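Enquirer: next input, structure requested:
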Amino acid sequence: WKYFKRKVLILGEMPLKVYSYCNFKRSEFIVYNAETLKRLSRYGKKSQIHLFVNSGMNREGIKNLEEFLLINKKYLDRVEVVGLCSHLASAEEKSILNEAQEQEFAHSLEVLRSAGYFPRWVHLGNSAGLFTLTNKILTAYRPGLALYGYSPFSISQNSELDLDSILQPALKVISQVVSVQKILPGETVSYNESYQVDKETNIAIIPFGYFEGLDRGLSNRAEFKIILPQSQFWAPIAGRICMNLCCLDVGDKAVTKGTTVVIISDNKEDLNSAVRLSRIINTIPYEFLVRLQPNIRREIIW
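Expert: Okay, here's the model as predicted:
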């Protein structure tokens, strides 16, 4: 439980009224707007902030740090500046912009120190930056995708960085069959008659659809692993994925209500790994994983 008692950095600014609900003993805050800084200054030194500078991504951040420090000095002196951060626009690629952002960020740190603020946490890198940034000024990183064992890089980059031996997917999503339907040759399955069988077969239903995060683009294109007492096999998605249901063609296998189905495998080589499923629908693992609904029961295995 000691891990859950550590401080949390809230990475984005929030509506000003929300800060009054925060536990300042456990929270640190990203700041890039003067209004947010002024609100947090009401809480004095228990407000611990990380100044977020715009080093070149141009999404959020302080554009002119020197000016910001000068105009807001009285508010900055009321809080505790414990961090300086920014965000790379193309961390997973070799880019001139990356180099320019690193240089701009290093300059921002010099500006901040010259103004009399010495942050403990200096962080620029996300998951990709964790494996590529080597600047000695950095004292922290913000891995996201890598924490779940997935790489932000291409296959060739993974090999170059030897990430396949470092990262192992931590997430596994399983469900259970809730119904089995026998259908006859010529019959169709699910919406819009997109899946027609040419022989008698069994269709297993699982309570997992696009509401739960299973992209409709996987309809008729992906396969899930069926786990039987003495064996396992792959079953293709049959027909359109529904809101809360998905149909699988299990042939003549002895699948019954309660049979376990692996929707997302924690083996990166499996047909239903998050990486391979995301490739089918031409997206990235980030998008595929964040679509999983928070109401899906989680079990944490240490």
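Enquirer: if you count neighbours, what's buried in whatever helix or strand Glu28 lives in?
Expert: Glu28 belongs to strand 27-31 when assigned by DSSP states H and E. By neighbour count, with 16 or more other Cβ atoms under 10 Å as the criterion, the buried positions of strand 27-31 are Glu28, Phe29, Ile30, Val31. For glycine as for every other residue, the C-beta is placed from the backbone atoms N, C-alpha and C.
Enquirer: likewise for stretch 173-182?
Expert: Within stretch 173-182, judged by 16+ other Cβ under 10 Å, the buried ones are Val173, Ile174, Ser175, Val177, Val180.
Enquirer: next step: those restricted to strands.
Expert: Using DSSP state E, Val173, Ile174, Ser175, Val180 are the members of the buried residues of stretch 173-182 that sit in strands.
Enquirer: gap between the first one and Lys253?
Expert: Yep, that's Val173 we're talking about. Applying Cβ to Cβ, to the nearest Å, the value for Val173 to Lys253 is 21 Å.
Enquirer: try the last one
Expert: In this view, Val180 and Lys253 are 10 Å apart by Cβ to Cβ.
Enquirer: between the two, what contacts are shared?
Expert: Between them, Val180 and Lys253 have Asn202 as joint contacts when contacts are counted by Cβ atoms under 8 Å, 6 or more residues apart in numbering.
Enquirer: about what we covered before: with distance to Ile155 as extra columns, can I get the buried residues of strand 27-31 in a markdown table?
Expert: Formatted as a markdown table, those follow (distance: Cβ to Cβ, whole Å):
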| residue | distance to Ile155 |
| --- | --- |
| Glu28 | 36 |
| Phe29 | 38 |
| Ile30 | 33 |
| Val31 | 39 |
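Enquirer: what's around Lys46, how many residues?
Expert: Other residues within reach of Lys46 by the criterion other Cβ atoms under 10 Å amount to 11.
Enquirer: do the same with Ala146
Expert: Using other Cβ under 10 Å as the criterion, Ala146 is surrounded by 20 other residues.
Enquirer: dump the residue contacts of it.
Expert: Contacts of Ala146 were listed using Cβ under 8 Å, 6+ apart, and they are Ser127, Leu130, Phe131, Pro152, Leu167.
Enquirer: these in strands, which ones?
Expert: Among those, no member is found in strands (DSSP E).
Enquirer: closest to Lys45 among those residues?
Expert: For Lys45, the closest of those turns out to be Leu130, at 30.9 Å, with distances computed as Cβ to Cβ.
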